[in-house]
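A.B. asks: starting from these lines, generate the structure:
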Amino acid sequence: SNMGLCVGPDIDYDEVRPYLPDGSLSPNTYIAASNRLASIFLEPKLKPVPAGQEPLPSVRVVRTVKGADLVGLHYTPLFDCFAEAAQDGAFRVVSDAYVSVEDGTGIVHQAPAFGEDDHRVAKQWGLPLRDAVDNEGKFTGDVAGIAGGQIVGLFVKDADKLLIADLKARGLLFHQATIDHDYPFCWRSGTPLIYKAMPTWFVRVESVAKPGDRPLRERMAELNQQTSWVPDYVGQKRFANWISDARDWAISRNRFWGTPAADLAVRGLRQVRVRGQHRGIADQVRRARTRSAQAPRGWPELELRVVRRHDGAHPGSAGLLV
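C.D. replies: Residues are numbered from 1 along each chain as shown. So this is what the prediction gives:
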């Protein structure tokens, strides 16, 4: 799903050729941020230097350029499952100030479907979006050509070893290492999370429909100034700060959880439907009726039965008809 490479426009990048163990230059050329070279090419640190000799440089710098000079270059992607995306502007170098040189190479892959900055940069530069992961976080058939199709149906975090082996087999693996870093996990299940773009309805708060319109949050800020808050710091500090940073509000939902609640149906008010995933709901209602000293006057004696709904979207849901 990587559709581009992003560099920092004001960062210095070196085009280098590494030295081979026999002292000759490699035929391969690499590009990385200038101050990341020492962390990428480690040969002088790994080999002992004989007494009285100076360590040989690990690379020869061919030239140094700014990131802005690399913008527009095209490249061949590591995986060709979305090769057709090149016709839509994929697989080229773009730039953005969010790129840093604190780690890595100073060049960042852009996957518009799997990152907030990636998506923002892709929209700015016109990179297409391709998504090879389903709503369960598993690879789809779009990647059947990678690793002999072994990763299809695998959860993305379980496919790392197969992807690395595929790159190594094709001679495209430069270096392999394990890096410790923070990663988000679901607090309910303890499973790793992924950031994934999904179709969503938004309420415009910071953006506008057409040039000249005022963002909704500006009007909200004006109304907040006219509102009397007790205590006043809630409105002038906490709520005002929230409004000033308010972003477009995503109102779509694709998950549901919580306590089942009764919902009166429309057919003569003779049905009470309780949605949830617990078969014991019907028994609980029966017991509640038994304990009740007197049913509400005028409430008809209704049949109680559990129904199950299998509509594909909510395969575990159950309903209760009273």
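A.B. asks: where exactly do the helices run in the protein?
C.D. replies: Remark: helices assigned in the chain by DSSP state H are 37-40, 43-46, 67-70, 116-125, 160-169, 216-225, 232-233, 240-244, 281-291.
A.B. asks: could those helices be laid out in a markdown table, adding distance to residue 152 and mean neighbour count?
C.D. replies: The way it works is simple: take the backbone N, C-alpha and C, and place the C-beta from them, glycine included. Converted to a markdown table, the helices of the chain look like this (distance: least, C-beta to C-beta, whole Å; neighbours: other C-beta atoms under 10 Å):
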| stretch | distance to residue 152 | mean neighbour count |
| --- | --- | --- |
| helix 37-40 | 33 | 16 |
| helix 43-46 | 38 | 12 |
| helix 67-70 | 34 | 18 |
| helix 116-125 | 23 | 17 |
| helix 160-169 | 11 | 14 |
| helix 216-225 | 43 | 14 |
| helix 232-233 | 55 | 10 |
| helix 240-244 | 44 | 14 |
| helix 281-291 | 39 | 12 |
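A.B. asks: which among those is found nearest to residue 187?
C.D. replies: helix 116-125 (20.4 Å; C-beta to C-beta).
A.B. asks: report the mean confidence score over that closest one.
C.D. replies: Model confidence over helix 116-125, given as mean pLDDT, is 94.
A.B. asks: ok, now how distant is the residue nearest to the spatial centre of the chain from residue 153?
C.D. replies: Centrality entry for the chain: nearest residue to the mean C-alpha point is residue 195, 1.9 Å, by C-alpha atoms, centre = their mean. For residue 195, the distance to residue 153 equals 21 Å [C-beta to C-beta, to the nearest Å].
A.B. asks: with residue 77 instead?
C.D. replies: Residue 77 is 22 Å from residue 153, by C-beta to C-beta.
A.B. asks: between these two, which one's more packed in?
C.D. replies: residue 77 (17 against 13; other C-beta atoms under 10 Å).
A.B. asks: list the contacts of that one.
C.D. replies: 2, 83, 90-91 (C-beta atoms under 8 Å, 6 or more residues apart in numbering).
A.B. asks: which of the residues you listed lies closest to residue 170?
C.D. replies: Once C-beta to C-beta is applied, the member of the contacts of residue 77 that ends up nearest residue 170 is residue 83, at 15.1 Å.
A.B. asks: may I have the phi/psi pair for the residue nearest to that closest one when sequence neighbours are not counted?
C.D. replies: Excluding the flanking residues, the one nearest residue 83 by C-beta to C-beta, 6 or more residues apart in numbering is residue 77, at 7.4 Å. For residue 77, the backbone dihedrals (degrees, to the nearest 10) come out as phi -70, psi 150.
A.B. asks: how near is residue 77 to residue 3?
C.D. replies: Distance from residue 77 to residue 3, by C-beta to C-beta: 9 Å.
A.B. asks: overlap in contacts, the two.
C.D. replies: 90-91.
A.B. asks: any stretches of the protein with poor pLDDT?
C.D. replies: 42-57, 256-322 (pLDDT under 70).
A.B. asks: what about 50?
C.D. replies: Applying pLDDT under 50 to the chain flags the ranges 43-50, 53-56, 263-272, 274, 277-279, 292-322.
A.B. asks: all strands of the stretch 1-150 of the chain, in order?
C.D. replies: In the stretch 1-150 of the chain, the segments counted as strands under DSSP state E, counting those that start in this stretch are 4-7, 12-18, 30-33, 59-66, 92-95, 107-110.
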